[in-house]
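[1] Structure, please.
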Amino acid sequence: MREKILSYIEKNSRIDLKELAILLGTTEPEIAQELSEMESEGIICGYHTLIDWDKVTTDRVNALIEVRVTPQRGQGFDAIAERIYKYPEVNATYLISGGYDLLVSLEGKTLREISNFVSQKLSTLESVISTTTYFVLKKYKDHGTILNGDSEDERMIVTP
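    Presented below is the predicted three-dimensional model:
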């Protein structure tokens, strides 16, 4: 049941517990108990709101930065990843396979702000060998949600 609950709340964290209980064929208290246990166990790490910032007047620049680093003895990539993800500008940090070691998701107000972060903070870390920055020009889909598209109601139509 946990995986089913997680699938539903990953797509809609505001789903009503009563509706979720009906969908899963259980009771509302059982759903509440499972959610509470998963939060305590660290399975559910937080609840987030996905915002299409292109529809808001606030300007924001998103960038993806590939980072090649020298892993540290006894700590691998964890120590440098931790230094990077502690910066408030950083939204996400991933260890990846391929030509680079880490992928960093970053948000700023301007291209210059992102560039300054990369050149003054990220590139100056002793373990960082090189970086490549990609600016996000448009988001089509984020966290499983299609942005700027016609949203269709996925519920089934029930007729008497």
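
[2] who touches the longest helix along the chain?
    For the chain, the longest helix by residue count, based on DSSP state H, is helix 28-40. Residues outside helix 28-40 that contact it (Cβ atoms under 8 Å, 6 or more residues apart in numbering) are 1-2, 5-6, 9, 17-18, 20-21, 24, 44. Where C-beta positions appear, they are placed from N, C-alpha and C, glycine not excepted.

[3] let's see 10 Å
    1-2, 4-6, 8-9, 15-24, 26-27, 43-47 (Cβ atoms under 10 Å, 6 or more residues apart in numbering).

[4] Looking at the residues you listed, which are in helices?
    2, 4-6, 8-9, 17-24.

[5] Show me the shaky parts of this protein.
    Low-confidence segments of the chain (pLDDT under 70): 57, 149-157, 159-160.

[6] Can you tell me, leaving aside adjacent residues, what's nearest to the residue nearest the centre of the chain?
    Nearest to the mean C-alpha position of the chain, counting by Cα atoms, centre = their mean, stands A92 at 6.3 Å. Closest residue to A92 apart from its sequence neighbours, by Cβ to Cβ, 6 or more residues apart in numbering: S105 at 4.1 Å.

[7] Contact partners for that neighbour?
    With Cβ under 10 Å, 6+ apart, S105 has these contacts: 62-65, 85, 89-94, 136.

[8] Kindly indicate which of those residues lies nearest S115.
    Checking these against S115 with Cβ to Cβ, the nearest one is A63 at 8.9 Å.

[9] what's around the nearest residue to D52 once chain neighbours are set aside, how many residues?
    Spatially, and ignoring its direct neighbours in sequence, D52 is nearest to L147 (4.9 Å; Cβ to Cβ, 6+ apart). Applying other Cβ atoms under 10 Å, we find 17 residues neighbouring L147.

[10] wait, L147 sits on K139?
    Yes: judged on Cβ atoms under 10 Å, L147 makes contact with K139 at a distance of 5.3 Å.
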